[in-house]
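> okay, structure incoming, though there's no sequence with it:
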Ligand SMILES: NC(=O)c1ccc[n+]([C@@H]2O[C@H](COP(=O)([O-])OP(=O)(O)OC[C@H]3O[C@@H](n4cnc5c(N)ncnc54)[C@H](O)[C@@H]3O)[C@@H](O)[C@H]2O)c1
């Protein structure tokens, strides 16, 4: 990637790859941007090479753009430059190919951002211990951008956040550089809608909502995404784009809570909630199925709605649907443990002293992401009650170090003999790779939180749904 001529600062970033598509000079006008996008002369910098940033890089590289991946995690940067992926659904050979063709390089040096025309921010937006938005990553990134900003650059925030973040938080920090949004540089918000593990949609096929507070920023950001995704949905402001993303996540969170509550009720009524959802789903309109589970997981649904809750307080409102959904969903692991204790009780056993095998550590099927996974909580709850617990997850060979959990466990290899040795097998995640017939055939007791054993014909007496 060839270094661009910097307009404000003289100390250059370390030299990087030669850009086959190189052009000179900043993109100061809409027309210059459109030409550069058409000719694939735009260099796209992606900040945060995680579950969102890495697939986005693949999309832009696939669309003919040269990409720089900036991350503060040196280990990730080194792996990427060595052609290695650390995310299951992004193959290493793809990274290696892009690196060898000079289409992609990673860096931990923020000065490399000066070489980019567009800077797309995909950094984490977690909650603090008090469940307030933790915008530290977004703010730190905005400061790094401000320190390296070039005239004509386009900055887009993709991290999920409350409405107002781009306008109230990101813009003032970047404008502390002395350059003005919409005039000297362009600023937009476009929510990421990645759903890891999905095979029916990719970043290219998922419509991209793009909001900006001035027409030039909106047009340029739409044109850039329009070059790589099938459909762009322009919206009038960053606030609307931010709110749209939160709405999507609140919608899921509330509906999942509703079905989780109904699961508990239907269990008491001896009605199988999964059969109920299957039947209701045949209605061709007015109903969308949601499925119960052992609790919410992942980086989005358990967290993002509370960004809005926090913001709502500034307007003297409480988001009651979100609070109630949170309450119901966070009670689910406790409910699973209760069902499991009852099932063991039937066998004159207690949780204390029993041996458990938890199947699936990831928060949902066929991914390797364990953030906020209810499996972790279930393991901790069982251990706290005196159980011996192992786990198996084909995608998580050992438990990574996490800020709030130190499980220090390794995935046990599945076999008929080992399955027989556990008092209970708890299906927490319904990975497709599991042979559920084999699992039920050999387990003493199966507690299934995902209806993963629906297709199993024999041994059904051993299965308890929870
Ligand atoms: N994971 C998903 O499925 C998903 C889906 C939609 C939206 N989102 C949203 O996208 C955002 C990113 O999520 P993710 O899952 O990719 O997170 P992630 O943790 O997988 O990746 C974030 C990356 O950002 C890096 N980072 C942190 N601070 C940085 C900084 N100052 N400069 C450069 N890099 C920095 C981290 O090292 C990490 O590699 C979040 O706001 C999330 O809510 C995630």
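Good, I have the coordinates. Here the structure is a predicted model, which is why all the values come from computation and not from measurement.
> list the contacts of the nearest residue to residue 166 once chain neighbours are set aside.
Spatial nearest neighbour of residue 166, chain neighbours left out: residue 238 (3.9 Å); criterion: C-beta to C-beta, 6 or more residues apart in numbering. Using the backbone N, CA and C atoms, a C-beta is placed for each residue, glycine as well. By C-beta atoms under 8 Å, 6 or more residues apart in numbering, the contact set of residue 238 is 157, 165-167, 187-189, 211-213.
> now swap in residue 323 and tell me
Applying C-beta under 8 Å, 6+ apart, the residues contacting residue 323 are residue 309.
> how about whichever strand or helix holds it: buried residues?
In this assignment (DSSP states H and E), residue 323 forms part of helix 320-330. Judged by neighbour count using 16 or more other C-beta atoms under 10 Å, the buried positions of helix 320-330 are 321-322, 325-326, 328-329.
> now render those as TSV, adding distance to residue 415.
Output for the buried residues of helix 320-330, formatted as TSV (distance: C-beta to C-beta, whole Å):
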residue	distance to residue 415
321	46
322	44
325	40
326	39
328	37
329	34
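> contacts with the ligand among those residues, please.
Contacts with the ligand are made by none of these, judged by C-beta under 6 Å from any ligand atom.
> now whichever residue of the chain sits closest to the ligand: closest residue in space, sequence neighbours ignored.
Nearest residue of the chain to the ligand (C-beta to the nearest ligand atom) works out as residue 50 at 1.8 Å. Closest residue in space to residue 50, ignoring its immediate chain neighbours: residue 122 at 6.6 Å, by C-beta to C-beta, 6+ apart.
> contacting residues for the one you found?
46-50, 52-53, 56, 158-159, 192.
> around the ligand, which positions in the protein sit nearby?
So the chain meets the ligand at 47-53, 70-73, 76, 122-125, 137, 140-141, 159-160, 192, 194, 196, 299-300 (C-beta under 6 Å from any ligand atom).
> which of the contacts of residue 238 lies closest to residue 350?
Of all the contacts of residue 238, residue 165 has the smallest distance to residue 350: 48.6 Å, by C-beta to C-beta.
> can you report how many residues lie near the closest residue to the closest one other than its chain neighbours?
Nearest residue to residue 165, sequence neighbours excluded (C-beta to C-beta, 6+ apart): residue 242, at 6.1 Å. Residue 242 is flanked by 29 other residues according to other C-beta atoms under 10 Å.
> residue 242 contacts residue 163, correct?
Yes. If you go by C-beta atoms under 8 Å, residue 242 and residue 163 touch, sitting 4.3 Å apart.
> before we move on, what SS does residue 283 have?
Put simply, residue 283 is coil when judged by DSSP: H, G, I helix; E, B strand; the rest coil.
> report how many residues lie close to it.
Neighbourhood size, residue 283 [other C-beta under 10 Å]: 10.
> distance of it from residue 289?
Noted for residue 283: a distance of 10 Å to residue 289, by C-beta to C-beta, to the nearest Å.
> please name the residues that touch the residue most central in space within the chain.
The chain has residue 299 as the residue nearest its centroid, 5.0 Å off, counting by C-alpha atoms, centre = their mean. Shown in contact with residue 299 (C-beta under 8 Å, 6+ apart): 51, 124, 126, 369, 371-372.
> how does it look with 6 Å?
Counting by C-beta atoms under 6 Å, 6 or more residues apart in numbering, residue 299 touches residue 371.
> phi, psi for residue 400 please.
Backbone geometry at residue 400, expressed as degrees, to the nearest 10, gives phi -70, psi 160.
> could you give the number of residues near the nearest residue to it once chain neighbours are set aside?
Nearest non-adjacent residue to residue 400, counting by C-beta to C-beta, 6+ apart: residue 370, 7.1 Å away. For residue 370, the neighbour count with other C-beta under 10 Å is 23.
> my read is that residue 370 contacts residue 361, right?
Yes. With contacts counted by C-beta atoms under 6 Å, residue 370 reaches residue 361, the gap being 5.3 Å.
> now the common contact residues for these two.
With C-beta under 6 Å, 6+ apart, residue 370 and residue 361 have common neighbours residue 396.
> in stretch 249-269, what's buried?
Using 16+ other C-beta under 10 Å as the test for burial, stretch 249-269 gives 249-250, 252-254, 256-264, 266-267.
> ok, those vs residue 433, which is closest?
Nearest member of the buried residues of stretch 249-269 to residue 433, counting by C-beta to C-beta, is residue 256, at 24.1 Å.
> just for this structure, where's the confidence low?
1-25 (pLDDT under 70).
> where do the strands of it begin and end?
43-47, 66-70, 104-107, 118-121, 154-157, 186-189, 208-211, 232-235, 355-359, 388-392, 424-427, 446-448, 463-465 (DSSP state E).
> as CSV, the ones you listed with mean neighbour count would be great.
Listed next are the strands of the chain as CSV, based on neighbours: other C-beta atoms under 10 Å:
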stretch, mean neighbour count
strand 43-47, 27
strand 66-70, 26
strand 104-107, 23
strand 118-121, 26
strand 154-157, 28
strand 186-189, 29
strand 208-211, 25
strand 232-235, 18
strand 355-359, 23
strand 388-392, 19
strand 424-427, 26
strand 446-448, 27
strand 463-465, 21
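> residues in contact with the nearest residue to residue 229 once chain neighbours are set aside?
Nearest residue to residue 229 in three dimensions, chain neighbours excluded: residue 208, at 4.8 Å (C-beta to C-beta, 6+ apart). By C-beta under 6 Å, 6+ apart, the contact set of residue 208 is 190, 225, 229, 232.
> please redo it, this time with the cut-off set to 7 Å
Contacts here follow C-beta atoms under 7 Å, 6 or more residues apart in numbering; on that basis residue 208 touches 190, 225, 229, 232-233.
> which strand residues bridge it?
residue 232 (DSSP bridges).
> residue 104 now?
Bridge pairing for residue 104 - DSSP bridges - gives residue 67.
> so it sits right up against residue 57, yeah?
Yes. Applying C-beta atoms under 7 Å, one finds residue 104 in contact with residue 57, separated by 6.3 Å.
> gap between the two ends of stretch 110-121?
Start-to-end span of stretch 110-121 (C-alpha to C-alpha, to the nearest Å) is 13 Å.
> off-centre distance for it?
How far stretch 110-121 lies from its chain's middle: 22 Å, per C-alpha atoms, centre = their mean, to the nearest Å.
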